[in-house]
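K.L.:
build me a model:
(one chain, ligands or ions: 1)
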Amino acid sequence: MEEEKVTQMPRIGDMAPDFKANTTYGPIQFSEYNKGSWVILFSHPADFTPVCTTEMSGFAVRHNEFKELNTKLMGLSIDSIHSHVAWVNNVKKNTGVLFDFPIVEDISMNVSKLYGMLQPNESETAAVRAVFFIDPEGKIRLMMYYPLNVGRNMDEIIRVLKALQTSDKHGVALPLDWKPGDKVIVPPPKTVEAMEEREKSSYEMVDFYLAKKDL
Ligand code: BEZ
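P.N.:
Just a heads-up that it's a prediction; the model follows:
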């Protein structure tokens, strides 16, 4: 029988594994970088590849939006720092876009393994396209995993970041396709009294358990 491949996978709600790594902005201790802000930690399969170049450029072009959301970016692949720097230089020269956030060198694959970014049935030699949304307390709040041949969607990355922050700030949940400005879901009542109160509220109600309001 073929030996089962078990990959360590972080889960939503876990504390983000800490690590120290060499990056394009020098050595960084992740927990220090994470202090006081959200971090989006994302992996790409390889430097100097087409889909990855579009994705990294997407993060760089919208970096200010992330900063406005108190969110730092950190890229990662199992390439060397020399490769990362050469790629940053190449893209800057070709397109004028600077990858102005740290990109982790992970030749040892230690960080990729910690975060379940190596998924051997997709690739033995490259990290998949993972995105971790880590809150200022260091907790993993949302994860995305994409295969090698499909690029991510920057609007969706920013949408879910805003959704997480809105949920935290207002204690609400966000419905299908929610975007800022849309109504939000008020958590269902936990008592009969609260249920009866809800009947008198100004919420937009499908039924007592599905009530929406403007923020
Ligand atoms: C790309 O970024 O284009 C790519 C990288 C690794 C495998 C396939 C595509």
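K.L.:
rest of the way, CA atoms for contacts and neighbours
P.N.:
Will do.
K.L.:
and stretch 29-47, how far out from the chain middle?
P.N.:
In this view, stretch 29-47 has its centroid 9 Å away from the chain centroid, taken as C-alpha atoms, centre = their mean, to the nearest Å.
K.L.:
let me fix that, I meant to ask about stretch 118-130.
P.N.:
Average the C-alpha atoms of stretch 118-130, do the same for its chain, and the two points are 17 Å apart (C-alpha atoms, centre = their mean).
K.L.:
buried ones in that stretch?
P.N.:
Along stretch 118-130, these residues count as buried under the neighbour rule (16 or more other C-alpha atoms under 10 Å): 118, 119, 126, 127, 128, 129, 130.
K.L.:
closest to residue 191 among those?
P.N.:
In terms of C-alpha to C-alpha, no member of the buried residues of stretch 118-130 lies closer to residue 191 than residue 130, at 40.0 Å.
K.L.:
which residues sit in contact with the closest one?
P.N.:
42, 43, 44, 117, 143, 144, 145, 146 (C-alpha atoms under 8 Å, 6 or more residues apart in numbering).
K.L.:
which one is it nearest to, not counting chain neighbours?
P.N.:
Of all residues beyond its chain neighbours, the one nearest residue 130 is residue 145 (4.4 Å), with distances taken as C-alpha to C-alpha, 6 or more residues apart in numbering.
K.L.:
for that neighbour, give me phi and psi.
P.N.:
Dihedral angles of residue 145 (phi, psi; degrees, to the nearest 10) stand at phi -130, psi 120.
K.L.:
count the residues that sit near it.
P.N.:
As a burial measure, the neighbour count of residue 145 was computed by other C-alpha atoms under 10 Å and equals 16.
K.L.:
pretty sure it sits against residue 129.
P.N.:
Yes: between residue 145 and residue 129 there is a contact under C-alpha atoms under 8 Å: 5.7 Å.
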